[in-house]
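*Asks:* here you go, sequence then predicted model.
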Amino acid sequence: MTTINSVSSIAASERRLSAIIVIYYTGPVLWLCIDSVLAQPELIELVLVLNGSDMETIRRLRELALQQPRIQLIESGRNIGFAAGCNRGASIATADRLAFINPDCVLDPGTFSAVLDVFEDHPQAWLVGGRLQHPDGREQRGGRREILSPWRAFVELTRLDRIFPHHPYFARLHSHEDEPVYEPVEVPTVSGAFMMISRAHYERLGGMDDNLFLHFDDADLCIRVRQQGGQIWYAGHVPITHYLSTSDVSRTFIEWHKTRSTSYYFVKHFQQSYPRWTLSGISFLLWIRFALIVLRYLPSDLPQILRRWLARYRG
């Protein structure tokens, strides 16, 4: 791993961090993630919110919480969703700054320190994300992007940017295919896979929106940061290795919540700027898309869905 060198003069209390990780049937990379977070010197506590997992992982997490005084384990008893899990973890965290980290992310040494320096250098920064990358170092989609609007989603899906490649009205949502960025820059949106915010700002925003069970919680939070006058920064010099598709979750489950969250997000933020019939039409198309996905994936997903349901019923 690459060590990130930085010199900081933020007040000592503001260099103390609480990290929150929401877990739901995450694969073996979870243990690499936990180890990399515990290795950050600024960490004073790691709050693990367990929304669901197999019994062996639950056993190991319980043992780890007993052995590691910095770990607090919250067992939700059911899957309350990512946003609600983050809020629950933040509610018991004690540090001045909060880091939200996906359980399939692995941090380099010095990650927290480098991100804290961005806050110091840019006092208007409320939220800072890192450079999401594949294990081979390639930048991932989603780490830096524009504000997701109904129109931009349409451009992204239809790739109208290919017809008008230099027109700002047809700019793509994601920026990972643009010129690489290896320094801090202000952006409209960062990824919830890794982001840091002060406790005061998180509480001022009211935390994440519990209605966004899965997906678009980060886009929603970034919009509200900007509405409150804060800035969002992308730390291009801070690599976050993000292992994708590590959770034992069915495609049907993911797409259901993604479709529901998308429809809710568009109505919440764009009902004043788009005609209601437009948003209703978009929602209808999204659910048609979901139905087509179900037809393709449900037969293979069904055994897992039934197995998971039976496990909850017996438990």
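*Replies:* Perfect, I can see it now. Numbering: from 1, shown residues only.
*Asks:* please count neighbours and contacts with C-alpha atoms only from this point.
*Replies:* Noted.
*Asks:* now do the phi/psi pair for residue 36.
*Replies:* Reported as degrees, to the nearest 10, the phi and psi values for residue 36 are phi -70, psi -30.
*Asks:* what pLDDT is listed against it?
*Replies:* On pLDDT, residue 36 comes in at 98.
*Asks:* once you drop chain neighbours, what's closest to it?
*Replies:* Leaving aside its sequence neighbours, residue 36 sits nearest to residue 107 (Cα to Cα, 6 or more residues apart in numbering; 5.4 Å).
*Asks:* need the contact list for the one you found.
*Replies:* Neighbour list for residue 107: 33, 36, 37, 239, 240, 241 [criterion: Cα atoms under 8 Å, 6 or more residues apart in numbering].
*Asks:* looking at the residues you listed, which are in strands?
*Replies:* Those of the contacts of residue 107 mapping onto strands are 239, 240, 241, per DSSP state E.
*Asks:* wait, the last one touches residue 138, no?
*Replies:* No - no contact is recorded between residue 241 and residue 138 when judged using Cα atoms under 8 Å, the distance being 9.5 Å.
*Asks:* more crowded one of those two?
*Replies:* The residue with more neighbours, out of residue 241 and residue 138, is residue 241; 24 against 12, by other Cα atoms under 10 Å.
*Asks:* for beta bridges, what are the partners of the more buried one?
*Replies:* Applying DSSP bridges to residue 241 gives these bridge partners: residue 106, residue 133.
*Asks:* so who does it touch?
*Replies:* Contact analysis of residue 241 by Cα under 8 Å, 6+ apart lists 105, 106, 107, 132, 133, 134, 135, 137.
*Asks:* could the residues you listed go into JSON lines alongside pLDDT and distance to residue 184?
*Replies:* Putting the contacts of residue 241 into JSON lines (pLDDT from 0 to 100; distance: Cα to Cα, whole Å) gives the following:
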{"residue": "105", "pLDDT": "97", "distance to residue 184": "20"}
{"residue": "106", "pLDDT": "98", "distance to residue 184": "20"}
{"residue": "107", "pLDDT": "98", "distance to residue 184": "17"}
{"residue": "132", "pLDDT": "97", "distance to residue 184": "14"}
{"residue": "133", "pLDDT": "96", "distance to residue 184": "16"}
{"residue": "134", "pLDDT": "95", "distance to residue 184": "19"}
{"residue": "135", "pLDDT": "95", "distance to residue 184": "21"}
{"residue": "137", "pLDDT": "94", "distance to residue 184": "18"}
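*Asks:* for residue 188, grab phi and psi.
*Replies:* The phi/psi pair for residue 188 (degrees, to the nearest 10) reads phi -70, psi -40.
*Asks:* what does residue 208 give?
*Replies:* According to degrees, to the nearest 10, residue 208 has phi -80, psi 160.
*Asks:* that one: what's its closest spatial neighbour, skipping adjacent residues?
*Replies:* Per Cα to Cα, 6+ apart, closest to residue 208 is residue 83, 5.5 Å.
*Asks:* so after the helix or strand hosting that neighbour, what's the next helix or strand?
*Replies:* Using DSSP states H and E, the element containing residue 83 is helix 82-92. Sequence order places strand 97-101 as the next helix or strand after helix 82-92, per DSSP H and E.
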